[in-house]
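1. quick check, what structure comes out for this input:
(2 chains)
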Amino acid sequence: MIDGVLLRVEEMTAGYTEPLVGPLSLTLKSGEVVGIRGPNGSGKSTFLASLVGASRVFSGRVDKRPELRIVFMRQKPLPVKGIPFCASELLALAGASAEGLPSRYVAQLGERLDALSGGQLQFFTLWPCLNTRADVVLLDEPTNNLDAKSIADLAQLLRRKKDEGRGVFVVSHDERFIDATCDRTVNFA
Amino acid sequence: MESPFDPLFFDPFLTGAAYAVALPLVGLALRLRDEWLAALAFAQISALGALLALVFAAPASLGGLAAAVGAAAVKQAFEGAGKKARGTVYALLFLFGWGASVLLVVNLPIAEHAAHALFDGQLYFTGRTHLVYAFLLTGALIVFLRLLSRRLLRAHFFPDFFHARTDVAEISEKHVVLLFDLAAAVVLAFATMSVGVMAAFALLFVPPLIAFAWGRNWRHATAIAVAVGVAAHLTAFVLALALDQPYGPLLGILLIVAAVSGIRRQKTEDRR
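-> Below is the predicted model of the structure:
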């Protein structure tokens, strides 16, 4: 694998029972944030899932740098309803520190996750994904339910990841967020 | 009035106390995965296994254990299926265990006495061997959960966390779940043969129900579940001795009374 390339996808088709996306060819380099746009059903989430083996690769290949750590934040909210689990436990579970957490979220650390608002839960799901030693972060609609302030915090976290030399794929319908945070974008027709 | 500290009753009391710690711990993890129905299936199938073993003049514990491990294997075979499909499998396993057990009891007199003990509970007739098994299993379960509960929780909240990492010789989340299923099946098999099918299920189902409703966090919920299990066992044991009533049904009734608080709290939370 060429220096700086974290993963490379070549002529890949992916799906569940049949191919839903592809053939696709693209690379993700160290320190790069790549946005993925496309209409509903164009296979954006399926593509992210294929990178962690959660959907099936039918043809083509995915090459990853050896020892690559990938974190995948799915679009679906965390299954927290009725479960006595608090935000600080969620961070500890993922090995993420609360250091640097925006002050308005610090007060929520002891709260049960099922007592948080949709936006608060979304931020607490994002935080561990962006504060662990992962080399590649896959984010599926990360701005869902977030207010403007939290979207700005997310953009800052992505910049920090980029500076640390990590690679990020972001799937989002939020065009402004993609334009503001991504180095380049890929369109899924 | 008889005392649980009477030498005659002390071993059964301690045996029940050990399962009053172990079963709520297993129940917490099963409830997290929304798989409490699997516990009922495990308990019923292990009772069937114990009965079958007696019919073939084999040790009941061996039969119960083999059957429970078999049920865990069936559960694993459906691990990739949806939640509803898995729920259906557990319900069918439970019905099979019940139907086959009743047919054995009706047709084979040797199974009848053992069936009463298994379904109603035979805690007062347990001896030192049961006590040793109970303490060993509970100790092993606590060590197992200390080592792997983090992975079980991560499999629930972050199934794709650090996915695709190939350099670490760690067992996968899928294997952690498999190990847990086996541990749950073994604990339930032995607990069923000591306290009975429904008492084992009550200890596994109700304390976690209350803990999920009242727990501020996972650690707090774990403490609540164990405290409720032990308190219910202690109360049921003393009442059963004082009133000369069977332990299992008393334990069940006490836990149902305690569960009302959990259900009311859950309904309030669901409306939010």
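
2. for chain B, what's the longest helix?
-> Using DSSP state H, we find that the single longest helix of chain B is helix B:128-157.

3. distance from the chain centre to that one, please.
-> 12 Å (C-alpha atoms, centre = their mean, to the nearest Å).

4. who are the packing partners of it?
-> helix A:87-94, helix B:7-32, helix B:173-195 (3 or more C-beta pairs under 8 Å, 6 or more residues apart in numbering or on different chains; DSSP states H and E). Glycine gets a C-beta too; all of them are placed from N, C-alpha and C.

5. show me what the shortest one is packed against.
-> It refers to helix A:87-94. helix A:118-130, helix B:128-157.

6. buried set for the helix or strand that that helix is followed by?
-> Toward the C-terminus, helix A:87-94 is succeeded by helix A:103-106 as the next helix or strand (DSSP states H and E). Using 16 or more other C-beta atoms under 10 Å in any protein chain shown as the test for burial, helix A:103-106 gives residue A:105.

7. what sits up against the longest helix seen in chain A?
-> Ranked by number of residues, the top helix in chain A under DSSP H is helix A:148-163. Helix A:148-163 is contacted by residues A:31-33, A:102, A:104, A:119, A:122-123, A:126-127, A:130-131, A:137, A:142-143, A:146, A:168, A:170, A:174, A:177, A:180-181, A:183 when judged by C-beta atoms under 8 Å, 6 or more residues apart in numbering or on different chains.

8. what's the angle from that helix to helix A:118-130?
-> 10 degrees (axes from the mean of the first three to the mean of the last three C-alpha atoms, to 10 degrees).

9. tell me the helix or strand right after helix A:148-163.
-> Past helix A:148-163, the next helix or strand by DSSP H and E is strand A:167-171.

10. ok, now which ones touch residue B:5?
-> Applying C-beta under 8 Å, 6+ apart, the residues contacting residue B:5 are residue B:13.

11. and it, that's in a strand?
-> No. Counting by DSSP: H, G, I helix; E, B strand; the rest coil, residue B:5 is not found in a strand; it is coil.

12. ok so, going back, in the longest helix of chain B, what's buried?
-> Neighbour count says helix B:128-157 has B:130-131, B:133-135, B:137-138, B:141, B:144-145, B:148-149, B:151-157 buried, by 16+ other C-beta under 10 Å.

13. now do stretch A:99-113
-> Within stretch A:99-113, judged by 16+ other C-beta under 10 Å, the buried ones are A:101, A:105, A:108, A:111, A:112, A:113.

14. please apply the same query to stretch B:99-106.
-> Buried-residue list, stretch B:99-106, by 16+ other C-beta under 10 Å: B:100, B:101, B:104, B:105.

15. residue in chain B nearest to chain A?
-> residue B:215 (3.1 Å; C-beta to the nearest C-beta).

16. spatially nearest residue to that residue, not counting backbone neighbours?
-> residue B:221 (2.7 Å; C-beta to C-beta, 6 or more residues apart in numbering or on different chains).

17. return the residues of chain A in contact with chain B.
-> For chain A, the contact set with chain B under C-beta under 8 Å from any C-beta of the partner chain comprises A:51-54, A:64, A:66-72, A:74, A:78-80, A:82-86, A:88-90, A:93-94, A:110, A:112, A:114-115, A:128, A:132, A:134.

18. shouldn't residue B:118 be in contact with residue B:50?
-> Yes. Residue B:118 is within contact range of residue B:50, at 6.1 Å (criterion: C-beta atoms under 8 Å).

19. give the residues shared as contacts by the two.
-> Counting by C-beta under 8 Å, 6+ apart, the residues touching both residue B:118 and residue B:50 are B:192, B:193.

20. in chain A, where is pLDDT below threshold?
-> A:1-2 (pLDDT under 70).

21. for it, which residue gets nearest to chain B?
-> residue A:84 (3.1 Å).

22. separation between that residue and residue B:155?
-> Distance from residue A:84 to residue B:155, counting by C-beta to C-beta, to the nearest Å: 17 Å.
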